[in-house]
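Visitor: predicted structure and sequence below. I'll ask about it afterward.
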Amino acid sequence: MFTRQRGGLFDALATALCVWAGLFQTPVGALARSAKAAFFREPLPARPLLAYYSGGTWEAPVVKANAQDWQVPFLPLEGPVLASEGISPLARAVQLVGTQLMPAQRENGAPRDLRALSGALEKASSDLGSEDAAVLSVFAGVDVARFAAERVRADGKALAMENLLARLPPGHEGQGDAASLSLTLATAYALRSPLAAPFRLTSGFGERQHPLTGKRQLHTGVDLAVPEGTVVRAAKDGVVTRASYDRLNGHLVIVDHGRGVTTAYCHNARLEVTVGQHVRAGDRIAESGSTGRSTGPHLHYQLELGQRPVNPLFFQSL
Amino acid sequence: MPSKGLGLLRGFYVPLGLFALIAVGVHGAADVLDDYVLRGVERLDAWLDTFWAMNSFTESWVDAVSSLQRTWIARAVAFAWEIAADLVVALPCLNYFEEERADLRSPFRWGALLSRLNQKPTLTRLTRPFIAGIFAGTGAWTISRAVESALYPQLSALEEFAAPTAHTVSLISFALVLGSLAWRCAALALMHADSASEKRPGFFAAGVWGTAVVLPLAVAAIADLLLRFGGGN
């Protein structure tokens, strides 16, 4: 059966397809391409091996500079102003990415004006079936986004960025990254305050001398002083990925909002959610307190984008 | 004529195709499982944090692993799992031609294989062909989707016919890969399982470790496929 000579063309074609897909769609293929590049002293062509599992959410670049330097491009935002002018956080995020952070990835025909962009995104969301596809159309072009959306729909999957990126033609990886980053920023811009009651900012984000240990270290969130028992609410819809206690963070909740955005709430007196629970924006998740390594009742509120802590004040007015 | 010439060279390229096909299927499954691995790592980290915080000597380790590092660990586990599965299922494909070519021509060989599967079932004989078949089938599907996505922009001149044309070509490539290579993966896996089982006669659990590595991935691949056609995510 294997030695008969007929059908060789079909076998060769099938093999070519498999080898092509194996080389460009798997980490093993990336290893092979990297080995070839190293042998011929060419620039490395492949994505980092572990990026093959990224799931379509934007990831912070690995940088040696400290976290504050890294945040400079995210200069924000005037949230309330945007809302009053009818400009969505999504449009602001797309504008920021398309003009300042990754301008080369923006499709030439995409509107430059913020208000026009806002309207175009709304229309594209309705035409293409999702916000994610609309954002993709700004960077990869309407035709490519429409094609990806149609194929994802035919696959029976949701029109989420992860699924859309899996259906992008090769060579659009940069546009895919820009679209993912836009969604991440838009999600962060749409976060609500975790506290409804009045509070006082007692320690900001950044390098500081720890009040108990005396060591200089990065304070990865903001401390908001509130009376014990104040209700802590989810900043946005999401899934609880951690609800635990330890002697440093006290009673701690982490909520994954999707699109590479997570928020953490530490030093609570009591938790009201469990791991895996879906929460809506504004849902009660805990009562604040002073558990763990804490000098008084407060909420340590932390925001991470692409698995890196960033200053929440850049994205929401607390 | 070219087909005949290529048929003569089959021994050089078909093993590569089989390996790549399985590798694509395995990666699809690992990509499904990596989210679950991440959840496991998060739970383990939460448990360890509680443990480290119990005494002052270890409490500084509580924040030692950032969420970036936890994600990295989860992905590294998924990658290691994928490579291990490739070693168990895909790598043997590279070696098949030399040792199996003559045997595969013989219907007696197939009869003997199936008879031993029936009379002396072992874990590997029962599972490996199905697992290889699953990876080959899901791999063929992934490849057809990649063909469609790659072809579409090249066909823009066809305007409204571009998408249906790309889709049709992708279906043809799916059928081509299934008909040419996918079934060979399953057949070959049965032969390898048979020879491994014959080396340890009477030992049902022969190859249990390899099966333990690849079975969860195969289940994930099937579950992903069922969810897809069932309209889920």
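Guide: Yes, it's here.

Visitor: where in chain A is pLDDT low?
Guide: A:1-7, A:45-47, A:54-86, A:212-213, A:317-318 (pLDDT under 70).

Visitor: next one: phi and psi at A:Gly109?
Guide: phi -80, psi -10 (degrees, to the nearest 10).

Visitor: who touches it in this structure?
Guide: Residues near A:Gly109 by Cβ atoms under 8 Å, 6 or more residues apart in numbering or on different chains: A:141-142. Any C-beta I mention is one placed from the backbone N, CA and C, and that applies to glycine too.

Visitor: quick check, central residue of the chain?
Guide: All of this refers to chain A. A:Gly260 (2.4 Å; Cα atoms, centre = their mean).

Visitor: think we crossed wires, I meant chain B
Guide: Note: chain B centre (Cα atoms, centre = their mean) maps to B:Val26, 2.7 Å.

Visitor: secondary structure class for it?
Guide: helix (DSSP: H, G, I helix; E, B strand; the rest coil).

Visitor: make sure it is actually in contact with B:Phe135.
Guide: Yes - with contacts counted by Cβ atoms under 8 Å, B:Val26 reaches B:Phe135, the gap being 5.5 Å.

Visitor: what do the two both touch?
Guide: With Cβ under 8 Å, 6+ apart, B:Val26 and B:Phe135 have common neighbours B:89-90, B:217.

Visitor: among these, which one lies nearest to A:Ile87?
Guide: Ranked by distance to A:Ile87 (Cβ to Cβ), the shared contacts of B:Val26 and B:Phe135 are led by B:Leu217 at 45.7 Å.

Visitor: what about that closest one, helix or strand, and which?
Guide: helix B:208-229 (DSSP states H and E).

Visitor: identify all contacting residues around that helix.
Guide: In contact with helix B:208-229 (Cβ under 8 Å, 6+ apart) are residues A:155-157, B:25-26, B:28-30, B:32-33, B:81-82, B:84-85, B:88-89, B:123-124, B:127-128, B:130-131, B:134-135, B:138, B:141, B:233.

Visitor: and the closest residue to B:Phe174 other than its chain neighbours, what are its phi and psi?
Guide: Using Cβ to Cβ, 6 or more residues apart in numbering or on different chains and skipping the chain neighbours, the partner closest in space to B:Phe174 is B:Ser144 (3.6 Å). Here is the backbone geometry of B:Ser144 (degrees, to the nearest 10): phi -60, psi -40.

Visitor: where's B:Ser144 relative to A:Pro309, distance?
Guide: 41 Å (Cβ to Cβ, to the nearest Å).

Visitor: then A:Leu136?
Guide: Taking Cβ to Cβ, one finds A:Leu136 at 27 Å from A:Pro309.

Visitor: what's the answer for A:Trp20, then?
Guide: Taken as Cβ to Cβ, the span from A:Trp20 to A:Pro309 is 40 Å.

Visitor: same check on A:Cys18?
Guide: 42 Å.

Visitor: more neighbours: those two, which one.
Guide: For A:Cys18 versus A:Pro309, the count of surrounding residues by other Cβ atoms under 10 Å in any protein chain shown is larger for A:Cys18: 30 against 22.

Visitor: just confirm yes or no for the helix or strand hosting that one near chain B.
Guide: Element membership for A:Cys18, per DSSP H and E: helix A:8-25. Yes - using Cβ under 8 Å from any Cβ of the partner chain, helix A:8-25 reaches chain B at A:8-25.

Visitor: hmm, which of those are the buried ones?
Guide: Neighbour-count burial (16 or more other Cβ atoms under 10 Å in any protein chain shown) applied to these gives A:8-15, A:17-25.

Visitor: start to end distance for stretch A:227-247?
Guide: Stretch A:227-247 stretches 20 Å from its first residue to its last (Cα to Cα, to the nearest Å).

Visitor: go on, stretch B:50-60?
Guide: By Cα to Cα, one end of stretch B:50-60 lies 12 Å from the other end.

Visitor: residues of it that come out buried?
Guide: Buried residues in stretch B:50-60 (16+ other Cβ under 10 Å): B:52-53, B:59.

Visitor: same thing with stretch B:207-223?
Guide: B:207, B:210-211, B:213-215, B:217-218, B:220-222.

Visitor: go through those residues and name the one nearest A:Thr184.
Guide: Of the buried residues of stretch B:207-223, the one sitting nearest to A:Thr184 (Cβ to Cβ) turns out to be B:Ala220, at 26.6 Å.

Visitor: for A:Phe139, see how far away the closest one is.
Guide: B:Ala220 sits 31 Å away from A:Phe139, taking Cβ to Cβ as the criterion.

Visitor: same thing with B:Ser66?
Guide: 29 Å.

Visitor: ditto for B:Leu225
Guide: From B:Leu225 to A:Phe139 the distance is 30 Å (Cβ to Cβ).

Visitor: the more surrounded of these two?
Guide: Ranked by neighbour count (other Cβ under 10 Å), B:Leu225 and A:Phe139 place A:Phe139 first, with 26 against 17.

Visitor: now do the SS call for the more buried one.
Guide: helix.

Visitor: hmm, A:Ala235 and A:Ala190 touching each other?
Guide: No - using Cβ under 8 Å as the test, A:Ala190 is too far from A:Ala235 to be in contact (9.1 Å).

Visitor: neighbour count: the two, which is higher?
Guide: A:Ala235 (28 against 20).

Visitor: right, and the helix or strand after the lowest-mean-pLDDT helix or strand in chain B?
Guide: Within chain B, no helix or strand scores below helix B:96-104, which has a mean of 55 by mean pLDDT, DSSP states H and E. Of the helices and strands lying after helix B:96-104 in sequence (DSSP H and E), the nearest is helix B:107-119.

Visitor: so is that next one next to chain A?
Guide: No - residues of helix B:107-119 are not located near chain A by Cβ under 8 Å from any Cβ, the shortest gap being 9.6 Å.

Visitor: which strands and helices sit next to that helix?
Guide: helix B:123-151, helix B:183-199 (3 or more Cβ pairs under 8 Å, 6 or more residues apart in numbering or on different chains; DSSP states H and E).

Visitor: how about residues contacting the last one?
Guide: For helix B:183-199, the surrounding residues in contact (Cβ under 8 Å, 6+ apart) are A:2, B:14, B:18, B:21-22, B:89, B:92-93, B:96, B:100, B:103-104, B:113, B:116-117, B:120, B:122, B:124-125, B:127-133, B:135-136, B:203, B:206-207.
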